[in-house]
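In: from the sequence below, what's the structure:
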Amino acid sequence: MTPRRVLCLSGSLRRASANTALLQAARQLAPADLELQLYAGLDTLPLFNPDDEIEPLPAAVAALREAVGASDALLIACPEYAHGVPGAFKNLLDWLVGSLEFPGKPVALLNASARGSFHAQAALREILLTMAARLVASATVPLPGAGCEVGTILADPARCDELRDVLAVLAGTLAGD
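Out: You can find the predicted model right below:
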């Protein structure tokens, strides 16, 4: 059986991002029936402008939409800045609003904030539902204090179990499609 593709989107531009580290750890813990790919173009996207949604799309936007279109699901790990979704990540989502690739995509949400990110997660859920995402509620979990390094996360058996549980739910969702 061909593995199902999951595109991992980090909402952080930080080099030492706990949310990016969570996604990288999830990639290493993924079961054989899931292939996780980390999107690395957040910092290359131009500022959203509806006037630029005509063909040809900016190259970075076309690459993002192609990656989303080639995926079976999305795994998002996003921090909170000033009680909201970071601007760069909101910009990424804005570029997907008018796309044909995004609607109906199963989406799981992670968050590594040590203080929690209630406001950003609530806003992110609202944005994603408005965009016609299929939020996988049982695969949407906070993982506070996960650590900023993949090795730290992978050395924590409880954290690994939490990530495996999220991935198992996501895989089960995709198996039902």
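In: which residue is nearest the centroid of this protein?
Out: For the chain, Ile76 is the residue whose C-alpha lies nearest the centre (C-alpha atoms, centre = their mean; 1.7 Å).
In: state whether that residue is indeed within a strand.
Out: Yes - the assignment for Ile76 by DSSP: H, G, I helix; E, B strand; the rest coil puts it in a strand.
In: pLDDT below threshold where in the chain?
Out: Across the chain, residues meeting the criterion (pLDDT under 70) sit at 114-116, 145-147.
In: need the contact list for the closest residue in space to the residue nearest to the centre of the chain that isn't next to it in sequence.
Out: Distances taken as C-beta to C-beta, 6 or more residues apart in numbering place Leu9 nearest to Ile76, at 4.8 Å, with adjacent residues excluded. Heads up, the C-betas are built off the backbone N, CA and C, glycines and all. Contacts here follow C-beta atoms under 8 Å, 6 or more residues apart in numbering; on that basis Leu9 touches 23, 39, 42, 74-78, 89, 92.
In: repeat that for 7 Å
Out: Under the criterion of C-beta atoms under 7 Å, 6 or more residues apart in numbering, the neighbours of Leu9 are 39, 74, 76.
In: nearest to Ala132, of the residues you listed?
Out: Nearest to Ala132, judged by C-beta to C-beta, of these is Leu74 at 12.5 Å.
In: helix or strand for the nearest residue to the closest one once chain neighbours are set aside, just tell me which one.
Out: If you skip the residues right next to it in sequence, Leu74 has Val107 as its closest partner in space, 4.6 Å away by C-beta to C-beta, 6+ apart. Under the criterion of DSSP states H and E, Val107 resides in strand 106-111.
In: how many residues are close by Asp51?
Out: Around Asp51 there are 5 other residues, counting by other C-beta atoms under 10 Å.
In: phi, psi for it please.
Out: Note on Asp51: its backbone torsions stand at phi -60, psi -20 [degrees, to the nearest 10].
In: any idea how far it is from Leu42?
Out: As defined by C-beta to C-beta, to the nearest Å, Asp51 lies at a distance of 22 Å from Leu42.
In: circling back: who's in contact with the strand holding Val107?
Out: Residues external to strand 106-111 that are found in contact with it (C-beta under 7 Å, 6+ apart): 19, 22, 73-78, 117, 121, 124, 128, 133-136, 139-143, 166, 170, 173-174.
In: what ranges do the helices span in the chain?
Out: With DSSP state H as the definition, the chain shows helices at residue ranges 18-29, 59-69, 87-97, 118-130, 150-154, 157-175.
In: can you redo these as TSV with distance to Pro103 and mean neighbour count?
Out: Below are those laid out as TSV (distance: least, C-beta to C-beta, whole Å; neighbours: other C-beta atoms under 10 Å):
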stretch	distance to Pro103	mean neighbour count
helix 18-29	23	23
helix 59-69	10	17
helix 87-97	9	19
helix 118-130	11	16
helix 150-154	32	17
helix 157-175	16	17
